[in-house]
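A.B. asks: The sequence and its predicted three-dimensional model are supplied below.
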Amino acid sequence: MKFVLGSENQAKKRAVVRVVERYMENSIISSAPVPSGVRAQPMSEEETRLGAINRSITAAHHAFGIGLEGGVHMIGDTMYLCNWGALTTPEGKTFTAAGAQIPLPEDLANEVRCGKELGDAVDAYFTKQNIRMSEGAMGMLTAQLVPRDALFEHIMQLLIGQLLYSTSLQS
């Protein structure tokens with residue numbers, strides 16, 4: 001089987017490689033920069049989910065396409081991180097799954113409300129660079145207990161699990 005991740009993000013790549021190698025033996029994994037078709041900073045669950053789906057569909061040419069997308073959404077007055085994944089089969093069937101969510105500190109939420117991308121706001125907040133490629137906002141805000149790749153790894157397990165379940169029904 002061939003899997004194509006619709007992103008060059010290193011944290012997303014690590015998650016895909018770990019799960020696909022563990023559960024889908026003898027698979028080929030590659031990645032390609034694919035547009036999400038949504039804003040650079042998705043601002044709702046729906047927009048974040050759609051970005052993941054768009055990436056997976058675009059990446060699914062003659063392969064299993066994978067889209068992983070991070071975003072934010074509001075619950076009342078609190079802004080939360082949200083993460084979505086999608087896996088599209090070469091036949092066009094799409095599976096989706098969401099990951100853990102936590103509230104953003106108000107200083108970070110205000111930066112995002114003012115139009116800053118979360119990754120840039122997190123870099124400034126923690127005075128580091130390219131946090132989105134490593135531990136991500138989730139990792140920084142959980143004292144490294146749940147880094148971004150682990151979050152996306154869990155989403156990948158949910159996606160691959162759905163794929164395996166669906167193929168078992170066809171047997």
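C.D. replies: That came in fine, so what should we check first?
A.B. asks: For the residue nearest the centre of the chain, which three-state class applies?
C.D. replies: Centroid check for the chain by C-alpha atoms, centre = their mean gives L68 as the closest residue, at 2.8 Å. Three-state call for L68 (DSSP: H, G, I helix; E, B strand; the rest coil): strand.
A.B. asks: Could I get the full set of strands for the chain?
C.D. replies: 2-5, 28-31, 64-75, 78-88, 94-98 (DSSP state E).
A.B. asks: Nearest to E47 among those would be which one?
C.D. replies: Taking C-beta to C-beta as the criterion, strand 64-75 is the member of the strands of the chain that comes nearest to E47, at 6.2 Å. The way it works is simple: take the backbone N, C-alpha and C, and place the C-beta from them, glycine included.
A.B. asks: Tell me which strands that closest one pairs with, and in which orientation.
C.D. replies: Under the criterion DSSP bridges, strand 64-75 sits next to strand 2-5 (parallel), strand 78-88 (antiparallel) in its sheet.
A.B. asks: could the ones you listed be laid out in CSV, adding distance to V38, mean neighbour count and mean pLDDT?
C.D. replies: CSV is the format used below for the strands paired with strand 64-75 (distance: least, C-beta to C-beta, whole Å; neighbours: other C-beta atoms under 10 Å; pLDDT from 0 to 100):
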stretch, distance to V38, mean neighbour count, mean pLDDT
strand 2-5, 17, 22, 98
strand 78-88, 11, 23, 98
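A.B. asks: can you put those strands in a markdown table and add distance to Q162?
C.D. replies: Shown next, in a markdown table, are those (distance: least, C-beta to C-beta, whole Å):
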| stretch | distance to Q162 |
| --- | --- |
| strand 2-5 | 14 |
| strand 78-88 | 7 |
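A.B. asks: where are the low-confidence patches of this protein?
C.D. replies: Applying pLDDT under 70 to the chain picks out residues 171.
A.B. asks: Kindly recompute the last result at 80.
C.D. replies: For the chain, the stretches flagged by pLDDT under 80 are 170-171.
A.B. asks: Which stretches in it count as helices?
C.D. replies: For the chain, applying DSSP state H gives helices covering 10-23, 45-59, 106-113, 118-126, 136-141, 148-170.
A.B. asks: of those, which approaches T89 most closely?
C.D. replies: Distance to T89, taken as C-beta to C-beta, is lowest for helix 148-170 among the helices of the chain, at 7.4 Å.
A.B. asks: got the angle for that closest one vs strand 64-75?
C.D. replies: 120 degrees (axes from the mean of the first three to the mean of the last three C-alpha atoms, to 10 degrees).
A.B. asks: list the buried ones in helix 148-170?
C.D. replies: By neighbour count with 16 or more other C-beta atoms under 10 Å, helix 148-170 contains the buried residues 148-160, 163.
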